[in-house]
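# Here's my sequence, what's the structure:
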Amino acid sequence: MTTRRATLRRGIAPAAVTAVAALLLAACGATTSTSSDVAAQPGAGGASSASLHGTVTVLAAASLTESFDQLAKAFEAAHPGVRIETSYGSSATLVQQVANGAPASVLALAGTAAAKPLDKSLVRDTRTFASNVLEIAVPAGNPGGVRSIDDLAKPSVKVVLCADTAPCGKAAQATFAKAHVSPNVVSKEIDVKATLAKVKLGEADAAVVYHSDVVAAKDSVTGVPIPSQLNTRLDYPVITLSDDAATRAFVAYVLSAQGRSTVQSFGFGAP
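Coordinates of the predicted model:
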């Protein structure tokens, strides 16, 4: 920290000099932190790490499974008194669960549109922390010979999509409309992980999922990019539903530079 030196004039009483010196020592002992540093520190949200305790219930989009598992693990390690309970699924289903009274401290959704049905009186704060785009996933070896989105219209190519109610399903429909492609759909699954599983198991030749899911699947699938002019981007909001200190600290961690870096390491884009 940079401190401003005080100029002591001659004739100042010894007691005054002593008082000034004490103030300068106190100032030199202080430190400053940027807002992002504070957000990533234990106790962010106005409480020390030792004082944070309780359970934070996080309902998150299925595409966030790997990244939020990592965030929860890191946060619990820094805050031994806090337990992060995560549950994953389709964003539309999670919002409906909250509407039906399911306990939740935090909602993290795929796409801002998914939050529209949420009762606004339940929301304490909403912030965007990541983004995602669609990608075609094919089994290792690409037996269907899928090279582009146009190939998904071939009768010989079995395509799996997310359900129309899920954000990944709605985004896929928007992309197909822009590409003027009618895919050969053989199944629609409840969320993006169930959709990707069909490809992993060899039950489909292709699935339209998120880029982050292809990254998370590693060598079990191969990604076929969708051109940006046809693709559909989704912004991911984190919605605070509780005012307790542990919840505020966890959300601050998600929004911090460290939290965003963790999420982006799993294939997500910047907000």
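# And this protein, split by domain according to the record?
Residue ranges for the structural domains of the chain, counted by automatic domain parsing, are given in the record as 48-131+235-264, 132-233.
# Look at the shortest one and report the distance between its end residues.
The distance separating the two terminal residues of domain 132-233, taken as CA to CA, to the nearest Å, comes to 6 Å.
# re earlier: looking at the domains of the chain, which is nearest to residue 270?
Distances from residue 270 to each of the domains of the chain were compared using CB to CB; the shortest belongs to domain 48-131+235-264, at 6.6 Å. C-beta here means a position set from N, CA and C on the backbone, and glycine is covered the same way.
# mean confidence score for the closest one?
Rounded to a whole number, the mean pLDDT of domain 48-131+235-264 is 96.
# Please apply the same query to stretch 199-218.
For stretch 199-218, mean pLDDT is 97.
# Give the buried residues for it.
When burial is assessed from 16 or more other CB atoms under 10 Å, stretch 199-218 yields the following buried residues: 199-200, 204-214, 216-217.
# How far does it stretch from one end to the other?
13 Å.
# so who does residue 95 touch?
For residue 95, the contacting residues are 107, 109, 114-115, 117-118, taking CB atoms under 8 Å, 6 or more residues apart in numbering as the criterion.
# Please check these and keep the buried ones.
In terms of neighbour count (16+ other CB under 10 Å), the buried residues within these are 107, 109, 114-115, 118.
# Now intersect those residues with the strands, please.
For the buried ones among the contacts of residue 95, the ones inside strands are residue 107, with DSSP state E as the criterion.
# neighbouring contacts of stretch 183-195?
Outside stretch 183-195, the residues within contact range by CB under 8 Å, 6+ apart are 61-63, 65, 88-90, 93, 110, 152-164, 166, 168-169, 176, 197-198, 203-204, 207-210, 213.
# Among those residues, name the buried ones.
When those are checked for burial by 16+ other CB under 10 Å, the buried set is 61-63, 65, 88-90, 93, 110, 152, 154, 157-163, 166, 168-169, 176, 197-198, 204, 207-210, 213.
# and the helix or strand in which residue 133 is found, what other elements does it pack with?
For residue 133, the host element (DSSP states H and E) is strand 125-139. Judged by 3 or more CB pairs under 8 Å, 6 or more residues apart in numbering; DSSP states H and E, strand 125-139 is in contact with helix 167-179, helix 192-200, strand 206-210, helix 211-217, strand 221-225, strand 233-240, helix 245-255, helix 257-264.
# would a markdown table of these with distance to residue 83 be doable?
Putting the helices and strands packed on strand 125-139 into a markdown table (distance: least, CB to CB, whole Å) gives the following:
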| stretch | distance to residue 83 |
| --- | --- |
| helix 167-179 | 28 |
| helix 192-200 | 23 |
| strand 206-210 | 28 |
| helix 211-217 | 24 |
| strand 221-225 | 33 |
| strand 233-240 | 18 |
| helix 245-255 | 9 |
| helix 257-264 | 18 |
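# any idea which of the ones you listed is most buried?
When neighbours are counted by mean count of other CB atoms under 10 Å, the highest per-stretch mean among the helices and strands packed on strand 125-139 falls to strand 206-210, a mean of 30.
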